[in-house]
Structures are given as C-alpha cells and as structure tokens.
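Novice: Predicted model follows, preceded by the sequence.
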Amino acid sequence: MSPSLVLCIILFALYTHIAMAAGPRWDHSIKIDDPKLNVEVAARQCHKSLINAPELLEMWCEKAYEMDYWSALVPISLHTGDGTRLVAEAKERLKNKEPGAYTTLAWLYGSGQFVKKDIAKAIALREELLVLDKSFTPNQIAANHMKLADLYIQERNWKKVAIHAKHVLKHTQSNFQKKYAKRQLESAERHLSSNEL
C-alpha cells in the first residue's frame, strides 16, 4: 500500500470516529422555533453547538439570550471574537450584585479576554463575591477561593495563595478541588520557604 493511501485511510477513520462521536451529542429533533422550547433546552443547544454544530452557535445562543440566559453571550463572544456585549451585560448585572456577573468579569479581567488584563480588579471582584449575601454551596465557595489562589499566583503573593488554598482544602467536598488546592499550597510553600532562606 502506498503511504498516501494509508494516510487517506487513517484520515477517513479519524473523520468517521469524530463524526460518530459528535453526532449523538447534537439533538437534531430540537427545533429552534418550537413554541414549547424552554430556556434550559435552548441554553444546552447553545453550549453543545460550540463543538457539535458551530454553524448553529449564534442562532442557538441568541435564542437562549432572548430567553434571558445571558451567559449565552460567552460562547457568542468566543465564537465571534467580540466580547463587547458580554462585558456590557456583565457590568450591568454587576449593579444588581448577580454572582454570575462577578465570576464572568473576574474571568475576563484575570485573563485579559475582551478587556485589558487587570489582576487587581479580578481579585477585587472575587473577594466581593465572597461577601455577597447569597446561598452558595461549600464547593462554590471553594471554587472561588481556588480562583483567588490562581490570581494571587499571578501576583506572586504566596501568602495569599496559601490562605486561599488552605480554605479549599478545609471546606471542599470535591476531589478535583482538593488535588488542585494541594498543588497550589505546595507551590506557595516552596516559594515562601525559598524566600525565607
């Protein structure tokens, strides 16, 4: 067999595998104009379309957004490369102290995605989220502390990294969060001990 034929066979097998893997994840029976369509289904189709039907992403995500699922602006922004609407909507919702606005803006400022990177602003948003009068689960609180530790790593504030990582280890029920926080804490302790020498 020629090398080009072998390559074609491998590529076809790979394409078939990917197509079959992606196929069942996209539900073609759901119609965007169905009068019984609810926001949960529209939001699910929005997120699924990112991988399984990118050509339908804007249509499904706009539909979800129209149904008051404002987080649909995240995949739209990532898909189009324009986060103007996302940033504006998150800032508007921050005025009402919506937790999702805090986490979205903290992610944007922490990563520099669609806004100028500002770690201090990302930290301030996450710190403010911790004191909101909302009913958060222990894992949600731990996730916020984990993100704070990540932000403090970028600032090289190892004492704050250790504080937040310890909080996660003490309060989370998630094995993933425990492992992640343990790595954060080990890194902080290494840096703190090397600075003390």
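Specialist: Perfect, I can see it now.

Novice: Low-confidence stretches in this structure?
Specialist: 1-24, 196-197 (pLDDT under 70).

Novice: mind listing the strands for it?
Specialist: Ranges of strands in the chain, per DSSP state E: none exist.

Novice: by contact count, what packs against the lengthiest helix in the chain?
Specialist: Longest helix in the chain, counting residues (DSSP state H): helix 175-196. With contacts defined as 3 or more Cβ pairs under 8 Å, 6 or more residues apart in numbering; DSSP states H and E, helix 175-196 has these neighbours: helix 138-155, helix 158-171. No exception for glycine: its C-beta is placed from N, CA and C like everyone else's.

Novice: Select, out of these, the one closest to residue 131.
Specialist: For residue 131, the closest of the helices and strands packed on helix 175-196 is helix 138-155, at 10.8 Å, according to Cβ to Cβ.

Novice: so who does residue 57 touch?
Specialist: 46, 49, 50, 75, 76, 79 (Cβ atoms under 8 Å, 6 or more residues apart in numbering).

Novice: which of these are buried?
Specialist: Buried by 16 or more other Cβ atoms under 10 Å: 46, 49, 50, 75, 76, out of these.

Novice: Specify which member of the residues you listed is nearest to residue 116.
Specialist: residue 76 (21.0 Å).

Novice: and the closest residue to that closest one other than its chain neighbours, what does it touch?
Specialist: Among residues not flanking residue 76 along the chain, residue 61 sits closest, at 4.7 Å (Cβ to Cβ, 6 or more residues apart in numbering). By Cβ under 8 Å, 6+ apart, the residues touching residue 61 are 46, 49, 72, 73, 75, 76, 79.

Novice: where's the closest residue to residue 103 other than its chain neighbours relative to residue 153, distance?
Specialist: Leaving aside its sequence neighbours, residue 103 sits nearest to residue 129 (Cβ to Cβ, 6+ apart; 6.9 Å). As judged by Cβ to Cβ, to the nearest Å, residue 129 and residue 153 stand 18 Å apart.
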